[in-house]
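>>> quick one, fold the following:
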Amino acid sequence: MRTPADDGFFMPAEWHPHSRCWMAWPVRAEVWGERLDEAREAYVEVAKAIARFEPVTMITPSEQLAEVSVEVGSGIACLPLAISDSWTRDTGPSFMIDGKAGLVGVDWRFNAWGGLYPDHEADAALAENLLSYLQLPRYQAPLVTEGGALHSDGEGTLLAVETTLVNENRNPGRSRDEIETLLKAYTGAKTVIWLPEGLADDETDGHVDNVACFAAPGRVVTLAPGDAGDENHERLQRNLAILRDATDAQGRRLEVAELPQPKARRKADGTRLTLSYVNFYLPNDGVVLPAFDDPADDKVLEILEDCFPGRELVQIPALPILQGGGGIYCITQQQPEASLLIPEETGR
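Predicted structure coming up:
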(Lines give C-alpha, C1' and ligand atoms only; values in the text may rest on other atoms or scores of the structure.)
Protein backbone atom coordinates (compact mmCIF):
# COMPACT_ATOMS: atom_id res chain seq x y z
CA MET A 1 0.00 0.00 0.00
CA ARG A 2 1.51 3.32 -1.07
CA THR A 3 1.56 6.24 1.34
CA PRO A 4 1.61 10.00 0.80
CA ALA A 5 5.34 10.07 1.61
CA ASP A 6 5.96 7.39 -1.02
CA ASP A 7 4.33 9.66 -3.59
CA GLY A 8 6.05 12.87 -2.51
CA PHE A 9 3.21 14.42 -0.50
CA PHE A 10 3.53 16.13 2.87
CA MET A 11 1.48 18.14 5.33
CA PRO A 12 2.00 21.85 4.69
CA ALA A 13 2.29 24.45 7.41
CA GLU A 14 -0.80 26.32 8.57
CA TRP A 15 0.53 29.48 6.90
CA HIS A 16 0.69 27.89 3.46
CA PRO A 17 -1.98 29.69 1.36
CA HIS A 18 -5.49 28.25 1.65
CA SER A 19 -8.09 27.83 -1.04
CA ARG A 20 -10.90 27.28 1.49
CA CYS A 21 -11.80 26.68 5.12
CA TRP A 22 -14.17 23.83 6.00
CA MET A 23 -16.49 23.96 9.01
CA ALA A 24 -19.48 21.87 10.16
CA TRP A 25 -22.75 22.95 11.72
CA PRO A 26 -23.27 22.03 15.42
CA VAL A 27 -25.80 19.19 15.49
CA ARG A 28 -25.06 16.96 18.50
CA ALA A 29 -27.57 18.18 21.07
CA GLU A 30 -26.04 16.13 23.90
CA VAL A 31 -22.80 18.13 23.58
CA TRP A 32 -24.39 21.56 23.82
CA GLY A 33 -27.67 21.05 25.67
CA GLU A 34 -29.45 24.35 26.21
CA ARG A 35 -26.45 26.18 24.74
CA LEU A 36 -26.88 24.79 21.22
CA ASP A 37 -28.20 28.05 19.77
CA GLU A 38 -25.42 30.00 21.49
CA ALA A 39 -22.84 27.61 20.02
CA ARG A 40 -24.31 28.02 16.55
CA GLU A 41 -24.10 31.80 16.85
CA ALA A 42 -20.42 31.49 17.82
CA TYR A 43 -19.71 29.21 14.85
CA VAL A 44 -21.30 31.77 12.54
CA GLU A 45 -19.16 34.53 14.06
CA VAL A 46 -16.00 32.50 13.47
CA ALA A 47 -17.06 31.64 9.92
CA LYS A 48 -17.73 35.28 9.08
CA ALA A 49 -14.38 36.34 10.54
CA ILE A 50 -12.54 33.78 8.42
CA ALA A 51 -14.58 34.66 5.33
CA ARG A 52 -12.97 38.12 5.40
CA PHE A 53 -9.72 36.39 4.40
CA GLU A 54 -10.66 33.23 2.46
CA PRO A 55 -13.70 31.25 1.27
CA VAL A 56 -15.60 29.27 3.91
CA THR A 57 -17.95 26.31 3.44
CA MET A 58 -20.21 25.09 6.24
CA ILE A 59 -21.01 21.38 6.03
CA THR A 60 -24.55 20.69 7.17
CA PRO A 61 -27.10 17.87 7.14
CA SER A 62 -29.22 18.05 4.02
CA GLU A 63 -32.44 18.46 6.02
CA GLN A 64 -31.04 21.63 7.64
CA LEU A 65 -29.50 23.13 4.52
CA ALA A 66 -32.05 25.91 3.98
CA GLU A 67 -32.07 26.90 7.65
CA VAL A 68 -28.28 26.97 7.94
CA SER A 69 -27.88 28.91 4.69
CA VAL A 70 -30.00 31.66 6.19
CA GLU A 71 -28.11 31.55 9.50
CA VAL A 72 -24.63 31.89 7.98
CA GLY A 73 -25.60 34.46 5.36
CA SER A 74 -24.72 34.98 1.73
CA GLY A 75 -20.94 35.20 2.17
CA ILE A 76 -20.53 31.57 3.30
CA ALA A 77 -21.23 28.49 1.21
CA CYS A 78 -23.06 25.44 2.55
CA LEU A 79 -22.53 21.82 1.53
CA PRO A 80 -25.02 19.07 2.44
CA LEU A 81 -23.18 16.03 3.84
CA ALA A 82 -24.00 13.69 6.69
CA ILE A 83 -22.28 14.63 9.98
CA SER A 84 -22.45 13.42 13.57
CA ASP A 85 -20.68 16.38 15.17
CA SER A 86 -19.09 19.71 14.33
CA TRP A 87 -15.28 19.42 14.70
CA THR A 88 -13.88 19.36 11.16
CA ARG A 89 -10.29 19.58 12.37
CA ASP A 90 -10.72 16.05 13.70
CA THR A 91 -13.27 14.54 11.35
CA GLY A 92 -12.31 16.06 8.01
CA PRO A 93 -9.37 14.94 5.87
CA SER A 94 -5.85 16.17 6.50
CA PHE A 95 -4.81 17.70 3.18
CA MET A 96 -1.34 17.08 1.75
CA ILE A 97 0.54 18.79 -1.08
CA ASP A 98 3.58 17.83 -3.13
CA GLY A 99 4.79 21.27 -4.19
CA LYS A 100 3.95 20.47 -7.82
CA ALA A 101 0.27 21.48 -7.81
CA GLY A 102 -0.74 18.10 -6.38
CA LEU A 103 -3.36 17.90 -3.62
CA VAL A 104 -4.57 14.77 -1.80
CA GLY A 105 -6.28 13.94 1.48
CA VAL A 106 -5.47 11.56 4.31
CA ASP A 107 -8.45 9.81 5.87
CA TRP A 108 -7.46 8.89 9.43
CA ARG A 109 -9.47 6.26 11.27
CA PHE A 110 -11.91 8.11 13.52
CA ASN A 111 -13.42 6.53 16.65
CA ALA A 112 -14.87 9.62 18.34
CA TRP A 113 -11.89 10.49 20.51
CA GLY A 114 -11.41 7.03 21.94
CA GLY A 115 -15.08 6.05 21.95
CA LEU A 116 -16.73 9.05 23.64
CA TYR A 117 -19.75 8.80 21.34
CA PRO A 118 -20.97 5.47 19.93
CA ASP A 119 -22.99 7.11 17.14
CA HIS A 120 -20.16 8.61 15.11
CA GLU A 121 -20.56 6.75 11.83
CA ALA A 122 -21.25 9.86 9.76
CA ASP A 123 -18.15 11.59 11.07
CA ALA A 124 -16.06 8.46 10.48
CA ALA A 125 -17.12 8.67 6.82
CA LEU A 126 -16.83 12.46 6.45
CA ALA A 127 -13.24 12.57 5.17
CA GLU A 128 -14.00 10.00 2.47
CA ASN A 129 -17.23 11.77 1.49
CA LEU A 130 -15.63 15.20 1.33
CA LEU A 131 -12.68 13.97 -0.73
CA SER A 132 -15.11 12.24 -3.08
CA TYR A 133 -17.03 15.51 -3.47
CA LEU A 134 -13.77 17.35 -4.18
CA GLN A 135 -12.63 14.56 -6.54
CA LEU A 136 -9.31 14.32 -4.73
CA PRO A 137 -7.21 11.17 -4.20
CA ARG A 138 -7.67 9.59 -0.76
CA TYR A 139 -5.07 7.79 1.34
CA GLN A 140 -6.72 5.61 3.97
CA ALA A 141 -4.42 5.62 7.00
CA PRO A 142 -4.23 2.55 9.26
CA LEU A 143 -4.01 4.78 12.34
CA VAL A 144 -6.64 6.14 14.70
CA THR A 145 -6.06 9.83 15.27
CA GLU A 146 -7.59 13.23 14.71
CA GLY A 147 -6.32 16.28 12.88
CA GLY A 148 -6.11 18.26 16.12
CA ALA A 149 -3.55 15.77 17.40
CA LEU A 150 -0.97 16.84 14.80
CA HIS A 151 0.76 20.08 13.86
CA SER A 152 3.24 20.52 11.02
CA ASP A 153 5.85 23.15 10.21
CA GLY A 154 5.67 22.21 6.51
CA GLU A 155 9.38 21.46 6.56
CA GLY A 156 9.36 17.93 7.91
CA THR A 157 8.57 18.39 11.61
CA LEU A 158 5.44 17.32 13.48
CA LEU A 159 4.28 18.17 16.98
CA ALA A 160 2.18 15.54 18.77
CA VAL A 161 1.11 14.64 22.31
CA GLU A 162 1.84 11.11 23.46
CA THR A 163 -1.32 10.61 25.56
CA THR A 164 -3.51 11.16 22.51
CA LEU A 165 -1.96 8.76 20.03
CA VAL A 166 -0.11 6.22 22.17
CA ASN A 167 -3.32 5.27 23.91
CA GLU A 168 -5.20 1.99 24.19
CA ASN A 169 -8.43 3.79 23.27
CA ARG A 170 -6.96 4.78 19.89
CA ASN A 171 -4.20 2.43 18.83
CA PRO A 172 -4.10 -0.57 21.19
CA GLY A 173 -0.94 -2.62 21.14
CA ARG A 174 1.04 -0.13 19.06
CA SER A 175 4.22 1.39 20.44
CA ARG A 176 5.19 5.02 20.06
CA ASP A 177 7.84 4.05 17.52
CA GLU A 178 5.29 2.16 15.42
CA ILE A 179 2.89 5.11 15.54
CA GLU A 180 5.67 7.54 14.67
CA THR A 181 6.57 5.46 11.61
CA LEU A 182 2.96 5.66 10.39
CA LEU A 183 2.75 9.38 11.09
CA LYS A 184 5.85 9.97 8.98
CA ALA A 185 4.50 7.81 6.16
CA TYR A 186 1.16 9.63 6.03
CA THR A 187 2.34 13.21 6.63
CA GLY A 188 5.78 13.18 4.98
CA ALA A 189 7.40 14.23 8.26
CA LYS A 190 11.01 13.38 9.07
CA THR A 191 10.93 14.32 12.76
CA VAL A 192 8.19 14.03 15.39
CA ILE A 193 8.54 16.07 18.57
CA TRP A 194 6.55 14.26 21.25
CA LEU A 195 5.08 16.18 24.16
CA PRO A 196 4.05 14.04 27.15
CA GLU A 197 0.65 15.49 28.07
CA GLY A 198 -2.05 17.95 27.07
CA LEU A 199 -4.38 19.96 29.29
CA ALA A 200 -6.22 18.63 32.32
CA ASP A 201 -9.77 17.35 31.63
CA ASP A 202 -9.24 17.48 27.85
CA GLU A 203 -11.80 15.08 26.34
CA THR A 204 -9.39 14.40 23.47
CA ASP A 205 -6.77 12.98 25.86
CA GLY A 206 -4.59 16.01 25.27
CA HIS A 207 -4.64 17.28 21.69
CA VAL A 208 -1.55 19.25 20.73
CA ASP A 209 -3.73 22.05 19.33
CA ASN A 210 -4.33 23.23 22.89
CA VAL A 211 -0.72 23.27 24.03
CA ALA A 212 1.67 24.04 21.14
CA CYS A 213 1.81 24.95 17.45
CA PHE A 214 4.27 26.23 14.89
CA ALA A 215 4.19 29.95 14.10
CA ALA A 216 7.00 29.87 11.52
CA PRO A 217 9.84 27.56 10.54
CA GLY A 218 11.87 27.07 13.71
CA ARG A 219 9.37 28.96 15.89
CA VAL A 220 6.77 27.45 18.24
CA VAL A 221 3.99 29.02 20.28
CA THR A 222 3.14 27.18 23.48
CA LEU A 223 0.95 27.62 26.53
CA ALA A 224 3.01 28.88 29.48
CA PRO A 225 3.06 26.88 32.72
CA GLY A 226 1.67 29.79 34.76
CA ASP A 227 1.00 29.59 38.47
CA ALA A 228 2.71 26.71 40.30
CA GLY A 229 -0.57 25.79 41.98
CA ASP A 230 -2.43 25.35 38.71
CA GLU A 231 -3.29 21.76 37.76
CA ASN A 232 -1.76 22.30 34.31
CA HIS A 233 1.50 23.74 35.63
CA GLU A 234 3.63 20.59 35.71
CA ARG A 235 2.25 19.33 32.40
CA LEU A 236 3.06 22.58 30.63
CA GLN A 237 6.42 22.87 32.35
CA ARG A 238 7.46 19.48 30.96
CA ASN A 239 6.23 20.43 27.51
CA LEU A 240 8.15 23.70 27.62
CA ALA A 241 11.38 21.96 28.62
CA ILE A 242 11.06 19.52 25.70
CA LEU A 243 10.37 22.28 23.19
CA ARG A 244 13.31 24.36 24.37
CA ASP A 245 15.60 21.37 23.96
CA ALA A 246 14.14 20.10 20.69
CA THR A 247 15.71 20.15 17.23
CA ASP A 248 13.48 20.23 14.16
CA ALA A 249 13.89 18.28 10.92
CA GLN A 250 16.12 21.04 9.51
CA GLY A 251 18.47 20.86 12.50
CA ARG A 252 17.26 24.10 14.11
CA ARG A 253 16.80 24.63 17.83
CA LEU A 254 13.31 25.98 18.32
CA GLU A 255 12.53 29.54 19.31
CA VAL A 256 9.65 29.33 21.80
CA ALA A 257 7.01 32.02 22.41
CA GLU A 258 4.85 31.54 25.50
CA LEU A 259 1.17 32.45 25.74
CA PRO A 260 -0.38 32.90 29.19
CA GLN A 261 -3.05 30.56 30.46
CA PRO A 262 -6.50 32.09 30.85
CA LYS A 263 -8.05 31.71 34.27
CA ALA A 264 -9.68 28.37 34.96
CA ARG A 265 -13.36 27.97 34.04
CA ARG A 266 -15.37 24.88 34.87
CA LYS A 267 -18.47 23.10 33.65
CA ALA A 268 -21.39 22.38 35.95
CA ASP A 269 -19.94 18.94 36.73
CA GLY A 270 -16.66 20.50 37.91
CA THR A 271 -14.49 19.48 34.97
CA ARG A 272 -12.21 22.19 33.64
CA LEU A 273 -12.84 23.76 30.25
CA THR A 274 -9.81 23.39 27.99
CA LEU A 275 -9.31 27.10 27.43
CA SER A 276 -6.21 27.83 25.39
CA TYR A 277 -5.00 30.79 23.37
CA VAL A 278 -2.95 28.35 21.25
CA ASN A 279 -6.20 27.15 19.69
CA PHE A 280 -6.35 29.77 16.90
CA TYR A 281 -6.77 29.61 13.12
CA LEU A 282 -4.55 31.18 10.44
CA PRO A 283 -6.65 32.25 7.43
CA ASN A 284 -4.83 33.90 4.55
CA ASP A 285 -3.26 37.11 5.90
CA GLY A 286 -5.09 36.84 9.22
CA VAL A 287 -5.23 35.28 12.66
CA VAL A 288 -8.60 34.38 14.17
CA LEU A 289 -8.02 33.81 17.86
CA PRO A 290 -10.11 33.28 20.97
CA ALA A 291 -11.08 35.75 23.68
CA PHE A 292 -12.22 34.44 27.06
CA ASP A 293 -13.25 37.66 28.84
CA ASP A 294 -9.94 37.30 30.64
CA PRO A 295 -7.25 39.81 31.66
CA ALA A 296 -4.80 37.88 29.43
CA ASP A 297 -6.85 38.53 26.25
CA ASP A 298 -5.00 41.78 25.49
CA LYS A 299 -1.56 40.36 26.32
CA VAL A 300 -2.09 37.49 23.90
CA LEU A 301 -2.90 39.94 21.12
CA GLU A 302 0.47 41.63 21.67
CA ILE A 303 2.39 38.34 21.62
CA LEU A 304 0.67 37.00 18.50
CA GLU A 305 1.11 40.31 16.67
CA ASP A 306 4.83 39.80 17.18
CA CYS A 307 4.63 36.15 16.06
CA PHE A 308 2.62 36.96 12.92
CA PRO A 309 3.77 40.35 11.58
CA GLY A 310 1.72 41.63 8.68
CA ARG A 311 -1.35 39.59 9.55
CA GLU A 312 -4.62 41.11 10.77
CA LEU A 313 -5.68 39.70 14.14
CA VAL A 314 -9.37 39.14 14.85
CA GLN A 315 -10.35 38.09 18.36
CA ILE A 316 -13.63 36.18 18.79
CA PRO A 317 -15.42 35.41 22.10
CA ALA A 318 -14.91 31.64 22.28
CA LEU A 319 -16.44 30.50 25.57
CA PRO A 320 -19.63 29.21 23.86
CA ILE A 321 -17.49 26.97 21.62
CA LEU A 322 -15.41 25.72 24.56
CA GLN A 323 -18.58 24.49 26.26
CA GLY A 324 -18.61 21.78 23.59
CA GLY A 325 -15.05 20.67 24.28
CA GLY A 326 -12.94 22.47 21.67
CA GLY A 327 -11.86 25.83 20.30
CA ILE A 328 -11.58 27.84 17.10
CA TYR A 329 -8.86 25.65 15.60
CA CYS A 330 -10.92 22.54 16.41
CA ILE A 331 -13.93 23.70 14.38
CA THR A 332 -11.93 24.59 11.25
CA GLN A 333 -9.97 22.66 8.63
CA GLN A 334 -7.98 24.47 5.96
CA GLN A 335 -7.69 23.21 2.41
CA PRO A 336 -4.26 24.31 1.17
CA GLU A 337 -3.76 25.89 -2.21
CA ALA A 338 -2.44 23.21 -4.56
CA SER A 339 0.42 25.30 -5.90
CA LEU A 340 4.18 25.49 -5.84
CA LEU A 341 5.74 26.04 -2.45
CA ILE A 342 5.84 29.54 -1.06
CA PRO A 343 9.38 30.78 -0.31
CA GLU A 344 9.18 30.05 3.44
CA GLU A 345 8.69 26.36 2.70
CA THR A 346 11.38 25.82 0.13
CA GLY A 347 13.87 24.82 2.83
CA ARG A 348 12.13 21.49 3.19
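>>> and the nearest residue to Val287 once chain neighbours are set aside, what is it in contact with?
Counting by C-beta to C-beta, 6 or more residues apart in numbering, Leu313 is the residue found nearest to Val287 once chain neighbours are left out, at 4.7 Å. (Glycine included, C-beta is placed from N, CA and C.) By C-beta atoms under 8 Å, 6 or more residues apart in numbering, the contact set of Leu313 is Gly286, Val287, Leu289, Leu301, Leu304, Glu305.
>>> so the fifth one makes contact with Phe280?
This points to Leu304. Yes - counting by C-beta atoms under 8 Å, Leu304 sits close enough to Phe280 to count as a contact (7.3 Å).
>>> shared neighbours, those two?
By the contact definition C-beta under 8 Å, 6+ apart, Leu304 and Phe280 are jointly contacted by Val287, Leu289.
>>> have a look at the two and say which one is more surrounded.
Phe280 (27 against 21; other C-beta atoms under 10 Å).
>>> nearest residue to that one other than its sequence neighbours?
Leu289 (3.8 Å).
>>> looking at strand pairing, list the partners for that neighbour.
Beta-bridge partners recorded for Leu289 (DSSP bridges): Gln315.
>>> number of nearby residues for it?
Number of residues near Leu289 (other C-beta under 10 Å) recorded here: 26.
>>> what's the distance between it and Cys213?
As for Leu289, its distance to Cys213 is 11 Å (criterion: C-beta to C-beta, to the nearest Å).
>>> mind listing what Asn232 touches?
Counting by C-beta under 8 Å, 6+ apart, Asn232 touches Leu199, Ala200, Leu223, Pro225, Gly226, Gln261.
>>> can you point out the buried residues in the helix or strand harbouring the residue nearest to Val287?
Using DSSP states H and E, Leu313 sits in strand 312-317. Buried residues in strand 312-317, counted by 16 or more other C-beta atoms under 10 Å: Val314, Gln315, Ile316.
>>> lowest-confidence helix or strand of the chain?
Least confident helix or strand, the chain: helix 29-32 with a mean of 91, by mean pLDDT, DSSP states H and E.
>>> just checking, what packs against the next helix or strand after it?
The C-terminal neighbour of helix 29-32 among helices and strands, as given by DSSP H and E, is helix 36-51. Counting contacts by 3 or more C-beta pairs under 8 Å, 6 or more residues apart in numbering; DSSP states H and E, helix 36-51 is packed against strand 18-24, helix 29-32, strand 56-60, helix 65-72, strand 286-291, strand 312-317, helix 319-322.
>>> would you list the ones you listed in TSV and tack on distance to Ile193?
Formatted as TSV, the helices and strands packed on helix 36-51 follow (distance: least, C-beta to C-beta, whole Å):
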stretch	distance to Ile193
strand 18-24	24
helix 29-32	31
strand 56-60	31
helix 65-72	37
strand 286-291	23
strand 312-317	26
helix 319-322	26
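>>> which one of the ones you listed lies nearest to Gly102?
Ranking those by proximity to Gly102 (C-beta to C-beta) places strand 18-24 first, at 13.5 Å.
>>> and the nearest residue to Thr91 once chain neighbours are set aside, how many neighbours?
Excluding the flanking residues, the one nearest Thr91 by C-beta to C-beta, 6+ apart is Asp123, at 4.2 Å. Counted with other C-beta under 10 Å, residues neighbouring Asp123 total 24.
>>> swap in Val161?
The tally of other residues near Val161 (other C-beta under 10 Å) stands at 30.
>>> how about the strands in the stretch 101-250 of the chain?
Ranges of strands in the stretch 101-250 of the chain, per DSSP state E, counting those that start in this stretch, are 103-109, 138-144, 150-152, 157-161, 191-195, 212-216, 219-223.
>>> outside of the least confident helix or strand of the chain itself, which residues are in contact with it?
Pro26, Leu36, Glu38, Ala39, Asp85, Gln323, Gly324, Gly325.
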